[in-house]
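> Here is the input, now give the coordinates:
(chains A and B)
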Amino acid sequence: MSTVAVEVVYRGIFQKTLARNIVRTIVFAARKEGKIGTAFGRYGDSPERNGIPAKQFAIVSDSPEELEENLAVYEAGEVDVTINVDDTMCKGIESWAWYGLQPINALTKPGGTLIVTSRQEADALIEDIHQKDSPFNLAIVPATTSFSGLWVYKDDHTDVRILGALAKVCPELVSLDSMVAALEDQGWGGLKLTSARNSFDRTTQRPVEPGEGNDETPFTFELLGWRAMEDGLVIRGIDGATGFRGGSLAEDYDPIRSNASGDTDYQPTRNSVFKKFSTRSMRPVINFETCIKCTLCWLQCPDTCFDVTPDGLYDANMDACCGCAVCEAVCPVPDCITMVNEAEFNDNDSQWEHWTRDKDGYEKWMTELIEVQKAHDADSERSHGYHSPGKYEAESESEVALTGDDD
Amino acid sequence: MTTMTQELPQVRGVKQIPVFEGFTSGHRTCQGCESALVMRLMIKAAGPRTIVVGSTGCMYVANTTYYSTPWVVPWMHTQLGSSGSAATGTAAGLASLMRKGKMQQEPINVIAFCGDGGGVDMGLSAISAALQHDEYNLLILCYDNESYANTDIQVSGSSPWGANSTFSPPGKVHRIMNRRWKKNTVPMLAAGHPDVRYVATACGSYGPDFTNKIRRALTIGGPTFIHSIDPCPKGWDYDPKYSHELGMLAVETGIWVQYEIVDGELILNGPSRAIARGIRRRKPVTDYLQRQGRFAHLTEEDLKFFQERIDETWEKWWIPGIVPFGPHDEGE
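You can find the predicted model right below:
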């Protein structure tokens, strides 16, 4: 009698098909061994939004009765394996379905495994992953994060590589042979099966000790119960705005006429129970020296994330930025805004404050980050959804080469 | 007869767009959500003395989860098809409270927004009714992302021909499953409600134009309607960073026409005006279509057909891009 639960943590919409391929194949493979299972998406995450962390689960049991018992709970309270398909989520996730930041390994049971697709080293990932008071294993599937949208699937073998690794780290779930048989049943063959087998052979695990890792306390929010709400279940609107960093607004501030280019410094008050930054897999790095104050980044940001500084610059608030890169796209000055992989950062500190404090230091910091990003882009271009016909196929080739070779 | 409206000056250029934020950070929309930007620009233009009513759709569901709101101004949810009735009711309620002296006399902007599902499909009759009540000042803003994007992309009356969606997945036998052409909503409302003083199309990629349209709609008096095209990275399937660019491409390819109808007079705006006057050439529709995963299954033949349909709207229609019918030609 045993039940094995697996969760896949993924970026909403971008990786929905990827997550579905993984959980579904787990269940098909389990059936090859006479077990029974169910794959399902987390109801609270639906409807999904691009980039906002979401989960899908696969629960596999020896008998139907046991499976039913496990499905009687809304979702698994702990899982044997957590699969994280974007390494920037190692910093924690804030989904639709709960309030506050949940560590990526929150549901991983003692001695369980966290599988991450990443090009980072284990130690770099452990720096981000919140500590637990029980040991777990970390397995890395070397891969550039696979993003695609809703309608066109980017087949870079990430799905089968994860399944191969899963068979290795959790042999009590299913064997590699059953996994491969389930892949064949779905019409996949050739190089894809090789990728799965190679991934099985190459996956290693790094034990993570209790207390090892990120010691930050994840942020939480206290929410009122509905009985405590005002009559009519009214919720208070957000309380206006202040000057930059909580100062008072200019005396002649006029909401109809004051503009963002030199009239006044301005900092909007933000939603206090949802931050959105865990949606971000890259963040803008701003060169304040070359900024021409055209206002476009501030104006076109769907998330109102730019604070207007007293010197008329625009400081992206890193609690609110979700990394859509529209600011980079609309900025008319070359390299004034560069999107850099979120993995390069360990805090949400203000770039403008850093720059005002230490201009030379900021210049050095910024230049290094941009160089790292450009080197990374040269290797495999940052791709965050569909671009043009044939692009996914071209991008997938180099990814497949990572584990798809026949040697 | 209409009551007094607020004074909202027109802006000249991006640098005059107000710094005021009435729709702030912390909503659960997609990365690069153009509709969230439209909400933000809308309330920037309208200012703090505004009541917003929203019918069901992304801009309701993604913005106001339990105990959470990005709104600074008062906001209320209304049912999918009732943005028109909610707008009329809110404006009438305010007028009544002021008449009875229960509220200070003051022009308050009333804006009701709806998605294309709520506006172009379900709420069309309620919007039509609202546009007939010319004693109330209100604006209905339809943010059109060309599908029921909130519930994971079902076809709406506003979805373009050939687009992939949950209801129109391309198959092996039938490649094109959405065979309807996008509904021509604004001309329909303009022609059908000749007393309405302001009806317009808009796009969030053109900030000053968008701001001015909202302000004109709120200050002209009576019920008004704005239809905005909102690129949707989720349903259109593209990299979120292209939201702004795709909005511009929709206009530059001539698929979306930017115009306003002010007191019965048609004014084309920006690139659409340049295209109509022959100053600017339309970009080929492939520049727009091939950037989106929802059109990834289209063949050369399909793209050609799409281009021909767009050409037809510009070359054969009575008013290019806007009105397809004209007077019968007597051969004179």
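> What's the end-to-end length of stretch A:142-156?
This stretch, stretch A:142-156, spans 12 Å end to end (C-alpha to C-alpha, to the nearest Å).
> Next, the buried residues of that stretch.
Buried residues in stretch A:142-156, counted by 16 or more other C-beta atoms under 10 Å in any protein chain shown: A:143-156. All C-beta atoms are positioned from the backbone trio N, CA, C, and that covers glycine.
> what's the answer for stretch A:134-141, then?
Within stretch A:134-141, judged by 16+ other C-beta under 10 Å, the buried ones are A:Phe136, A:Asn137, A:Leu138, A:Ala139, A:Ile140, A:Val141.
> what comes into contact with that stretch?
With contact meaning C-beta atoms under 8 Å, 6 or more residues apart in numbering or on different chains, stretch A:134-141 is reached by A:105, A:108-118, A:120, A:122, A:125-126, A:129, A:158, A:161-162, A:165, A:168-169, A:199, A:203-210.
> Including distance to B:Gln292, pLDDT and secondary structure, could the buried residues of stretch A:142-156 go into JSON lines?
Putting the buried residues of stretch A:142-156 into JSON lines (distance: C-beta to C-beta, whole Å; pLDDT from 0 to 100; DSSP: H, G, I helix; E, B strand; the rest coil) gives the following:
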{"residue": "A:Ala143", "distance to B:Gln292": "26", "pLDDT": "89", "secondary structure": "coil"}
{"residue": "A:Thr144", "distance to B:Gln292": "23", "pLDDT": "88", "secondary structure": "coil"}
{"residue": "A:Thr145", "distance to B:Gln292": "22", "pLDDT": "91", "secondary structure": "coil"}
{"residue": "A:Ser146", "distance to B:Gln292": "19", "pLDDT": "92", "secondary structure": "coil"}
{"residue": "A:Phe147", "distance to B:Gln292": "16", "pLDDT": "91", "secondary structure": "coil"}
{"residue": "A:Ser148", "distance to B:Gln292": "13", "pLDDT": "89", "secondary structure": "coil"}
{"residue": "A:Gly149", "distance to B:Gln292": "9", "pLDDT": "86", "secondary structure": "coil"}
{"residue": "A:Leu150", "distance to B:Gln292": "11", "pLDDT": "89", "secondary structure": "coil"}
{"residue": "A:Trp151", "distance to B:Gln292": "9", "pLDDT": "93", "secondary structure": "coil"}
{"residue": "A:Val152", "distance to B:Gln292": "9", "pLDDT": "93", "secondary structure": "coil"}
{"residue": "A:Tyr153", "distance to B:Gln292": "15", "pLDDT": "93", "secondary structure": "coil"}
{"residue": "A:Lys154", "distance to B:Gln292": "15", "pLDDT": "91", "secondary structure": "coil"}
{"residue": "A:Asp155", "distance to B:Gln292": "19", "pLDDT": "91", "secondary structure": "coil"}
{"residue": "A:Asp156", "distance to B:Gln292": "21", "pLDDT": "91", "secondary structure": "coil"}
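> wait, isn't B:Val61 in contact with A:Pro47?
Yes - at 6.9 Å, B:Val61 counts as touching A:Pro47 under the criterion of C-beta atoms under 8 Å.
> what is in contact with those two at once?
Shared contacts of B:Val61 and A:Pro47, counting by C-beta under 8 Å, 6+ apart, come down to B:Asn150.
> how much space between A:Asp80 and chain B?
Taking C-beta to the nearest C-beta, to the nearest Å as the measure, A:Asp80 falls 29 Å from chain B.
> Please read the previous query as pertaining to A:Val6.
A:Val6 is 24 Å from chain B, by C-beta to the nearest C-beta.
> Show the subsequent helix or strand relative to the helix or strand that residue falls within.
A:Val6 belongs to strand A:3-11 when assigned by DSSP states H and E. Counting by DSSP H and E, the next helix or strand C-terminal to strand A:3-11 is helix A:16-32.
> So what's the residue count around the closest residue in space to A:Glu230 that isn't next to it in sequence?
Spatial nearest neighbour of A:Glu230, chain neighbours left out: A:Arg236 (7.8 Å); criterion: C-beta to C-beta, 6 or more residues apart in numbering or on different chains. Close neighbours of A:Arg236, defined as other C-beta atoms under 10 Å in any protein chain shown, add up to 9.
> any idea how far A:Arg236 lies from B:Pro74?
10 Å (C-beta to C-beta, to the nearest Å).
> May I have the predicted confidence score for A:Cys336?
A:Cys336 is assigned 97 on the pLDDT scale.
> right, and it touches A:Cys291 too?
Yes - A:Cys336 lies in contact with A:Cys291 (C-beta under 8 Å); the separation is 5.7 Å.
> which of the two has more neighbours?
A:Cys336 (20 against 16).
> ok so, going back, narrow the contacts of stretch A:134-141 to just the buried residues.
Buried among the contacts of stretch A:134-141 by 16+ other C-beta under 10 Å: A:105, A:108-109, A:112-118, A:120, A:122, A:125-126, A:129, A:158, A:161-162, A:165, A:168-169, A:199, A:203, A:205, A:208.
> Sort out for me which of the contacts of stretch A:134-141 are in helices.
A:Ala122, A:Leu125, A:Ile126, A:Thr158, A:Arg161, A:Ile162, A:Ala165, A:Lys168, A:Val169, A:Ser199 (DSSP state H).
> What score does the residue of chain A found nearest chain B have for pLDDT?
Using C-beta to the nearest C-beta, the single residue of chain A nearest to chain B is A:Asn271, 2.4 Å away. A:Asn271 is assigned 91 on the pLDDT scale.
> next one: A:His384
A:His384 is given a pLDDT of 84.
> Quick check on it: phi, psi?
Backbone torsions for A:His384, taken as degrees, to the nearest 10, come to phi -130, psi 60.
> how about the spatially closest residue to it that is not a sequence neighbour, what does it touch?
Among residues not flanking A:His384 along the chain, B:Asp239 sits closest, at 4.7 Å (C-beta to C-beta, 6+ apart). B:Asp239 is in contact with A:Ala325, A:Ser383, A:His384, A:Gly385, A:Tyr386, A:His387, B:Gly32, B:Pro233, counting by C-beta under 8 Å, 6+ apart.
> ChimeraX command for the buried members of these?
Remark: buried members of these, expressed as a ChimeraX selection using 16+ other C-beta under 10 Å:
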select /A:325,383,384,385,386,387 /B:32,233
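> taking the contacts of B:Asp239 one by one, which sit in helices?
Those of the contacts of B:Asp239 lying in helices (DSSP H): B:Pro233.
> and of the contacts of B:Asp239, the nearest to B:Asp302?
A:Tyr386 (17.2 Å; C-beta to C-beta).
> Pull stretch B:140-158 out as CSV, backbone CA atoms only.
What follows is stretch B:140-158, C-alpha atoms only, in CSV (Å, rounded to 0.1, in the frame of the first residue of the first chain):
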residue,chain,number,x,y,z
ILE,B,140,-18.8,52.8,-21.6
LEU,B,141,-15.3,51.5,-22.4
CYS,B,142,-15.1,48.1,-24.2
TYR,B,143,-11.6,46.6,-23.8
ASP,B,144,-11.4,44.2,-26.6
ASN,B,145,-8.8,41.4,-26.4
GLU,B,146,-10.7,39.5,-29.1
SER,B,147,-11.8,36.5,-27.0
TYR,B,148,-13.1,35.4,-23.7
ALA,B,149,-9.6,35.6,-22.3
ASN,B,150,-10.5,35.3,-18.7
THR,B,151,-12.0,31.8,-19.0
ASP,B,152,-9.0,30.6,-21.1
ILE,B,153,-9.8,32.0,-24.6
GLN,B,154,-13.1,31.1,-26.1
VAL,B,155,-14.3,32.7,-29.4
SER,B,156,-16.3,35.9,-29.1
GLY,B,157,-18.0,38.0,-31.7
SER,B,158,-14.9,40.1,-31.7
